[in-house]
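Undergrad: Output the structure for:
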Amino acid sequence: MSFGDNSRSLHAWSLDEDASQQFFRQAVELGITFWDTANVYSSGTSEEFVGRAVKRYSRREDIVLSTKVSGRMHDGPGGSGLSRKAILEQLDASLTRLDTDYIDVYYIHRFDDEVPVEETMEALHDVIKAGKVRYIGASSMYAWQFAKLQRAADQHGWTRFIAMQDQYNLLKREEERDMLPLCADLGVGCTPYSPLAKGRLTRPWGTQTSRSSTDVVARSFDLAVDEPVVEAVQRVAEQRGVPMAQVALAWVLSKPVVSAPLIGATKPHHLADAAAALELQLTEDEVVAMEEPYSPQAPFWW
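TA: As a prediction, the model looks like this:
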């Protein structure tokens, strides 16, 4: 499946509704048509915001809409995980909140080692056959787990995953070891989250924001080994006369397996920078300069 223009995607997280509606309107004006959310984002409120925005600013047919299942929504067997019961219950709840008849890409948010992969894949196949989902994707897992799920689908003639939503940016490149080559081999498109490393790649090293000092996820990008990478991005941006965000995102977009990096915007210029990054073609020397300082790290998922 192609998501179209591979820079035009929006990750709906946890803004208040007034702010979120402004971003959705701006997204439509910029031609951003791939909108991503999840049932657990703001306990379902994010899906409600997205559903209202689709009706207000666009046509459902013009938006590629994705959401996810796995995280805990409530206690009980249908409240979390990837059992048949949970998938069927949570999908219907997401459809209600999004006020739509179908999901374009339905992601499993994490691997569930307590449920047989056959149960998960058959349930996902059934919701596609029922017309409630068009395609399926997976997110944040080991390559062997993803391969195990795809193998189960192949063995039983069920629907295979067409997308992998994993963390990938200049500071977190662990997916290059196994997952990205696997996706390339299987023809799976990657829709990476945190392409700007929670903002760390958008500002000079040492610059602090309220989020960078309080958010445990944002602090994971404050390791000493990351400093030379951020400085390399800054040098390229200064030489180009463009924001660091455009350079960092252009690097992600340069990877052939990447279909649509997800931009979690919190300010209007974030979406503008994302759209502009599509036009920024990095030279081989610039890519090498930013990649060379990288130090491998253990995977960090949340």
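
Undergrad: Need the phi and psi values for residue 18.
TA: Dihedral pair for residue 18: phi -60, psi -50, per degrees, to the nearest 10.

Undergrad: any idea how far it lies from residue 53?
TA: 12 Å (Cβ to Cβ, to the nearest Å). C-betas here are computed from N, CA, C, even on glycine.

Undergrad: more crowded one of those two?
TA: residue 53 (23 against 8; other Cβ atoms under 10 Å).

Undergrad: If we ignore the residues flanking it in sequence, what's nearest the spatially most central residue of the chain?
TA: By Cα atoms, centre = their mean, the chain has its centre lying nearest to residue 193, at 3.6 Å. Distances taken as Cβ to Cβ, 6 or more residues apart in numbering put residue 262 closest to residue 193, at 4.8 Å, once the chain neighbours are dropped.

Undergrad: Report the secondary structure element holding the residue lying farthest from the centre of the chain.
TA: Residue farthest from the centre of the chain, counting by Cα atoms, centre = their mean, is residue 239 at 29.3 Å. In this assignment (DSSP states H and E), residue 239 forms part of helix 227-240.

Undergrad: Now do the buried residues in that helix.
TA: In terms of neighbour count (16 or more other Cβ atoms under 10 Å), helix 227-240 has its buried residues at 229, 230, 232, 233, 234, 236, 237, 240.

Undergrad: thinking again about what came up before, which residues does the residue nearest to residue 193 contact?
TA: Shown in contact with residue 262 (Cβ atoms under 8 Å, 6 or more residues apart in numbering): 9, 10, 11, 36, 165, 191, 192, 193, 195.

Undergrad: how about those in a markdown table, adding distance to residue 112 and pLDDT?
TA: Formatted as a markdown table, the contacts of residue 262 follow (distance: Cβ to Cβ, whole Å; pLDDT from 0 to 100):
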| residue | distance to residue 112 | pLDDT |
| --- | --- | --- |
| 9 | 26 | 79 |
| 10 | 27 | 75 |
| 11 | 23 | 78 |
| 36 | 20 | 96 |
| 165 | 16 | 97 |
| 191 | 20 | 96 |
| 192 | 22 | 96 |
| 193 | 19 | 95 |
| 195 | 26 | 95 |
